[in-house]
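Peer 1: quick check, what structure comes out for this input:
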Amino acid sequence: MKPAASRSDVGASYASDSKQLQAPRYRWREECGVFGVWSGNRPVADVCYLGLFALQHRGQESAGIAVSDGMHVDLEKGMGLMTDVFKTRVPSLKGHCAIGHVRYSTFGGTSFANIQPIFASFASSSGGGFVCLAHNGSLVNAKKLRAQLEARGCVFQSTSDSESMLNLIVLNSAPTIEEKILSSLETVEGAYSLALVAGVRDDADNTHEARLIGVRDPHGFRPLCLGRLGERGEYVLASESCALDAAGAEFVRDVQPGEMVVVSRKGIRSFFLRKKARPASCVFEYIYFARPDSTIDGLNVWQARYRMGRQLAREFREGYPGVAPDAVVPVPDTGIAAAIGFSAESGVPYAEGLIKNRYVGRTFILPEQNVRRSTVGMKLNPLRENLKDRKVILIDDSIVRGTTSARLINLLRKAGAAEIHMCVSSPPITHPCYYGIDTSIRKELIAAVSTVEEIHKTIGTDSLHYLTLRGLLESVNDAEGEKMCTSCFHGRYPTDVTEVAL
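Peer 2: Residues are numbered from 1 along each chain as shown. Next up, the predicted model:
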């Protein structure tokens, strides 16, 4: 089999690193989103586009789609939103298998060379093939893997940890693509939910096909689910179930931690990594990152946030029995479900007090501090009629550095709020994340260097209450703390993070 031809000139794409748009690395940003689709007999580029569009909230820095017919790859990618990257062209190859990726840089710089999916060909006894890979997560032994690969003569085209996984796969000597992937990932540590297209030759009838492959790391840090399109034997993979709805697919199940699913003409096959680990799904998917209409590992995100709000109300009532608020006001959008839950539990009326400009991105994940400052007022505007002379419970999902919270409180004060009691639907964030969220260094996390009382004074509230860790875990059906990763609240990590610890 000849190396796959890419109609987008994949090699040339990687050569654009001189045009780096490098952002400061230590910024709290959400991770990435992956999507994949396989059909036995029809083009699927448009389905991939729709599914990936539904995951735009998971990455607004760059996007890419790779489509294959088993012999060739058509790869289109670029910086910006989906509407920017695919303004003039969605991959036109009439291929039956595709993967897509939306990205924020959690490892490596913000550059064209780091945009995914990434591509490589490989040689084998059967003539070789190719792999395209899209990765959600972050590896904690990436530097070690890269050094080992460079010692073997591997030349890297990007600064992304994802390229190390791709090189491990194509250099592996196992006879099948499935064995190559499983064997390679035994040496990988950290978070990875992968969508891959593999172009291989079917020895049984000497034909070529593209297989869709999904892999979730043994801890299950990042979500990945499987869906079905109608009754035609077509399947999709997605970071969140909301993308299945957008693509017209029916949810089948979540990919299990440590599982690899392979979709091909043979149907769906399931394999498991030999490495075993305790479950550690990221609790922040439920607090902030995932869309509320997604269901992850059996729990709907909106319902989880609603429960957080009810628990917040119970804890606030115990801690501040003398406060008689007039309204519960969410910070949109991620605070809405928790605010509705708080209102239902407390009996305090729910009210919109902040109106969101839908055309401004999340300040939480903008790259520069001065940009964050300038966009808070553009993004949220107070509804004065619902705030003036009222005692307000303000519900937000988290406080990271405190700068955005302080500006929100100032907006509400100027709008005439009589009192502002802030309730946060997560515990204080005291430690960085190393599993796919590009966080600040620890000294920039306000809860790592300040007490709750100090934070309350810094941001200007009348009171401040964080949801307890126990309350959070009960809200996500993990009362014993055996299924979720909560290391950003206490610094006890599920893996060795020595290589990446800040």
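
Peer 1: contacts only, for Arg390.
Peer 2: Counting by Cβ atoms under 8 Å, 6 or more residues apart in numbering, Arg390 makes contact with 326-327, 417-418. Heads up, the C-betas are built off the backbone N, CA and C, glycines and all.

Peer 1: pretty sure Lys483 sits against Ser281.
Peer 2: Yes. Counting by Cβ atoms under 8 Å, Ser281 is a contact partner of Lys483 at 6.2 Å.

Peer 1: circling back to that earlier point, nearest to Leu196 among the contacts of Arg390?
Peer 2: Ala327 (49.1 Å; Cβ to Cβ).

Peer 1: return the distance of the closest one relative to Glu231.
Peer 2: 49 Å (Cβ to Cβ, to the nearest Å).

Peer 1: who has more neighbours, those two?
Peer 2: Taking other Cβ atoms under 10 Å, Ala327 and Glu231 do not tie; Ala327 has more neighbours (20 against 7).

Peer 1: buried residues in the helix of greatest length in the chain, which are they?
Peer 2: Among all segments of the chain classified by DSSP state H, the helix with the greatest residue count is helix 301-319. By neighbour count with 16 or more other Cβ atoms under 10 Å, helix 301-319 contains the buried residues 301-313, 315-316.

Peer 1: list the contacts of the helix or strand that that helix is followed by.
Peer 2: Downstream of helix 301-319, the next assigned helix or strand under DSSP states H and E is strand 327-330. Strand 327-330 is contacted by residues 336, 338-340, 342-343, 346, 348-354, 386-387, 390-396, 412 when judged by Cβ under 8 Å, 6+ apart.

Peer 1: quick one on the thing from earlier: any shared contact partners between Lys483 and Ser281?
Peer 2: Taking Cβ under 8 Å, 6+ apart as the criterion, Lys483 and Ser281 both touch Asp297.

Peer 1: looking at the two, which has the bigger crowd around it?
Peer 2: Ser281 (23 against 19).

Peer 1: from Arg216, how far off is that one?
Peer 2: Using Cβ to Cβ, Ser281 is found at 10 Å from Arg216.

Peer 1: same deal with Arg222?
Peer 2: Counting by Cβ to Cβ, the gap from Arg222 to Arg216 is 7 Å.

Peer 1: swap in Ile355?
Peer 2: On the measure of Cβ to Cβ, Ile355 and Arg216 end up 38 Å apart.

Peer 1: report pLDDT for Asn370.
Peer 2: The model reports Asn370 with a pLDDT of 53.

Peer 1: ok, Gly230 next?
Peer 2: 83.

Peer 1: give me every residue that touches it.
Peer 2: Here Gly230 is in contact with Gly248 (Cβ under 8 Å, 6+ apart).

Peer 1: how near is it to Glu240?
Peer 2: Taken as Cβ to Cβ, the span from Gly230 to Glu240 is 20 Å.

Peer 1: then Ile177?
Peer 2: Using Cβ to Cβ, one gets 26 Å for the distance from Ile177 to Glu240.

Peer 1: now do Gly64
Peer 2: Distance from Gly64 to Glu240, by Cβ to Cβ: 18 Å.

Peer 1: now do the domain split for the chain, please.
Peer 2: Residue ranges for the domains of the chain, per automatic domain parsing: 5-14+30-277, 299-489.

Peer 1: which of these is buried the deepest?
Peer 2: domain 5-14+30-277 (a mean of 21; mean count of other Cβ atoms under 10 Å).

Peer 1: how far does it sit from the chain's center?
Peer 2: How far domain 5-14+30-277 lies from its chain's middle: 15 Å, per Cα atoms, centre = their mean, to the nearest Å.

Peer 1: verify the stated contact: Ser39 with Leu212.
Peer 2: No. Between Ser39 and Leu212 there is no contact under Cβ under 8 Å: 9.4 Å.

Peer 1: mutual contacts of these two, please.
Peer 2: With Cβ under 8 Å, 6+ apart as the test, Ser39 and Leu212 both reach Cys97.

Peer 1: distance to Ala501 added to the domains of the chain, as TSV?
Peer 2: Output for the domains of the chain, formatted as TSV (distance: least, Cβ to Cβ, whole Å):
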stretch	distance to Ala501
domain 5-14+30-277	9
domain 299-489	8
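
Peer 1: now the strands for the stretch 251-400 of the chain?
Peer 2: With DSSP state E, counting those that start in this stretch, the ranges of strands along the stretch 251-400 of the chain come out as 259-264, 267-272, 281-282, 295-296, 299-300, 327-330, 354-356, 380-382, 391-396.

Peer 1: for Val252, find the nearest of those strands.
Peer 2: Closest to Val252 of those, according to Cβ to Cβ: strand 267-272, at 8.8 Å.

Peer 1: could I get the closest one in PDB with only the CA atoms?
Peer 2: Taking Å, rounded to 0.1, in the frame of the first residue of the first chain, the C-alpha atoms of strand 267-272 are listed here in PDB:
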ATOM      1  CA  GLY A 267     -18.800  -4.200  13.000                       C
ATOM      2  CA  ILE A 268     -17.800  -2.900  16.400                       C
ATOM      3  CA  ARG A 269     -15.000  -4.600  18.300                       C
ATOM      4  CA  SER A 270     -13.800  -3.800  21.800                       C
ATOM      5  CA  PHE A 271     -10.300  -4.200  23.200                       C
ATOM      6  CA  PHE A 272      -8.800  -3.200  26.600                       C
END
